[in-house]
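1. Here's a sequence, model it:
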Amino acid sequence: MALVGGVVRDGLLHREQQRTWTGVTDLDLVVEGDASAVASALKQRCGPNRLTRCLEHASFATVALTLDGLAVDLATARAETYPAPADNPVVRPGSLESDLVRRDFTINAMALDLLSGELIDRFDGRVHLAAHQLVFLHQGSVADDPTRLIRAARYGARLGFDLSPDALDQVQSTIAKWPWPWHPGDQADPFPPALSTRLRIELDRLLDHEPWQQGLDLLDRWGALSLIDVGLQRDTQRSRRLRWAQSLDMPLLPALLTAADHPLETARRLQLSGVQLCWLEQLPSLRQWAESDAPPLKASPSQWTQALERGGWFPGTVALLICERPQNWRPLLRWWGRWRHHRSSLAARDLIAAGWAPGPALGAELQRLRLVELDQGR
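-> Numbers count the residues shown, from 1 in each chain. Got it, this is the predicted structure:
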């Protein structure tokens with residue numbers, strides 16, 4: 001049984017390069033044999049008070065454990081092959097060495113044998129840690145699984161690493177050959193569903209949990225944003241737009257995709273949520289309205305509120321446009337942040353008590369009072 005992956009990497013960084021140790025949030029353990037049998041033995045030895053979770057995933061030969069409050073992923077050593085580039089791998093039982101070979105970078109392909117205490121480092125991961133380099137394990141690594149580029153950006157942003165010269169050559173040569181651009185109507189979609197799902201998962205991890213600006217800058221420098229959409233390689237306003245999205249507490253992925261050549265199609269391929277698809281679908285018409293039909297900048301709050309709400313745009317759509325900083329972004333921001341939330345100080349029951357009958361006229365009066373109060377600055 002051996003510790004593998006991040007805990008080995010981070011432990012070496014701490015011990016040999018004095019990186020700050022942030023503790024262990026989870027452990028990855030690989031066993032040459034039957035992970036399920038090992039989990040059963042742990043259950044018997046530790047009991048339910050210490051082993052509070054034991055969830056088996058038979059199809060992946062893994063067991064998710066919680067032992068003494070620590071998350072542990074226990075896996076049977078595996079080997080894998082890719083039936084086609086970017087497809088899901090075919091997995092079969094293997095040795096510890098074959099399990100390490102299937103990983104993404106040499107710095108993640110080290111293991112610590114828990115019986116002997118030996119550091120197993122067949123691919124010079126320790127050397128690459130010292131050089132702050134991300135090195136793929138073989139020449140077909142990017143073609144097999146293009147999401148490894150997003151992971152490279154995550155590790156690069158988090159650790160301050162960069163691709164080695166050979167790894168960068170592999171990235172650029174593979175991207176040059178691969179039919180990365182996706183165009184509506186293509187008969188042969190170069191993005192299998194499995195790849196699209198994995199890309200979104202890795203992008204979410206980068207944008208939600210890592211220093212995303214550094215990660216996206218690395219992808220841009222490597223030419224790898226074309227994994228998502230070639231238009232993103234030409235996006236000069238990316239950092240400013242995403243900082244605005246972050247300040248508005250908006251999800252960053254739809255804000256990133258607004259600069260794509262095909263934002264809605266790319267979002268559908270990446271399987272964004274239905275509401276985020278609606279935002280991107282409405283955005284072109286809102287842009288056009290803001291450029292040609294919106295009220296003057298000095299128009300009253302009630303005029304802006306009526307105009308925006310008559311258009312039926314989602315608040316999220318308006319927020320995406322604000323992030324692009326159009327000329328009239330200030331009244332858009334005021335509507336998004338304040339005006340749309342204002343309600344009349346009088347409720348329906350107050351008007352009914354004053355003699356109004358329930359119905360459309362009552363609703364219209366409440367709206368009139370709301371707009372008057374907005375202009376009065378209440």
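2. Over to Ala194. Which of the three states is it?
-> helix (DSSP: H, G, I helix; E, B strand; the rest coil).
3. Regarding the nearest residue to it once chain neighbours are set aside, what is its secondary structure?
-> Leaving out its chain neighbours, the residue that sits closest to Ala194 by CB to CB, 6 or more residues apart in numbering is Asn88, at 4.4 Å. The way it works is simple: take the backbone N, C-alpha and C, and place the C-beta from them, glycine included. What three-state DSSP gives for Asn88 is coil.
4. Thr147 is in contact with Asn88, correct?
-> No: assessed by CB atoms under 8 Å, Asn88 is found out of contact with Thr147, at 11.3 Å.
5. Give me the more crowded residue out of these two.
-> Ranked by neighbour count (other CB atoms under 10 Å), Asn88 and Thr147 place Thr147 first, with 21 against 16.
6. which residues of the stretch 51-200 of the chain score low on pLDDT?
-> Scanning the stretch 51-200 of the chain with the threshold set as pLDDT under 70 gives 83-87, 178-193.
7. now the strands for it?
-> 51-57, 62-67, 70-76, 78-81, 90-93, 111-113, 119-120, 133-134, 162-163 (DSSP state E, counting those that start in this stretch).
8. Of the ones you listed, which is nearest Val101?
-> strand 78-81 (7.5 Å; CB to CB).
9. So which elements touch the closest one?
-> strand 90-93, helix 96-101 (3 or more CB pairs under 8 Å, 6 or more residues apart in numbering; DSSP states H and E).
10. ok, 7 Å please
-> Packed against strand 78-81 by the contact rule (3 or more CB pairs under 7 Å, 6 or more residues apart in numbering; DSSP states H and E) you find strand 90-93.
11. Neighbouring strands of the strand it packs on in the sheet, and parallel or not?
-> Strand 90-93 has the following strand partners under DSSP bridges: strand 78-81 (antiparallel).
12. contacts for the partner strand?
-> 61, 89-94, 98-99, 102 (CB atoms under 7 Å, 6 or more residues apart in numbering).
13. Stretch 364-378 too?
-> 300-302, 305-306, 339, 342-346, 348, 351, 356.
14. repeat that with 10 Å
-> 300-306, 309, 334-335, 338-340, 342-348, 350-351, 356 (CB atoms under 10 Å, 6 or more residues apart in numbering).
15. buried residues in it?
-> Residues of stretch 364-378 classed as buried: 366-367, 369-371, 373-374 (neighbour count, 16 or more other CB atoms under 10 Å).
16. of all those residues, which comes closest to Ala260?
-> Closest to Ala260, out of all of the buried residues of stretch 364-378 and judged by CB to CB, is Leu374, at 35.7 Å.
17. ok, the closest residue to that closest one other than its chain neighbours - contacts?
-> Among residues not flanking Leu374 along the chain, Pro301 sits closest, at 4.3 Å (CB to CB, 6+ apart). Taking CB under 10 Å, 6+ apart, we find Pro301 in contact with 331, 334-335, 338-339, 342, 371, 373-377.
18. try 8 Å
-> 331, 334-335, 339, 371, 374-375 (CB atoms under 8 Å, 6 or more residues apart in numbering).
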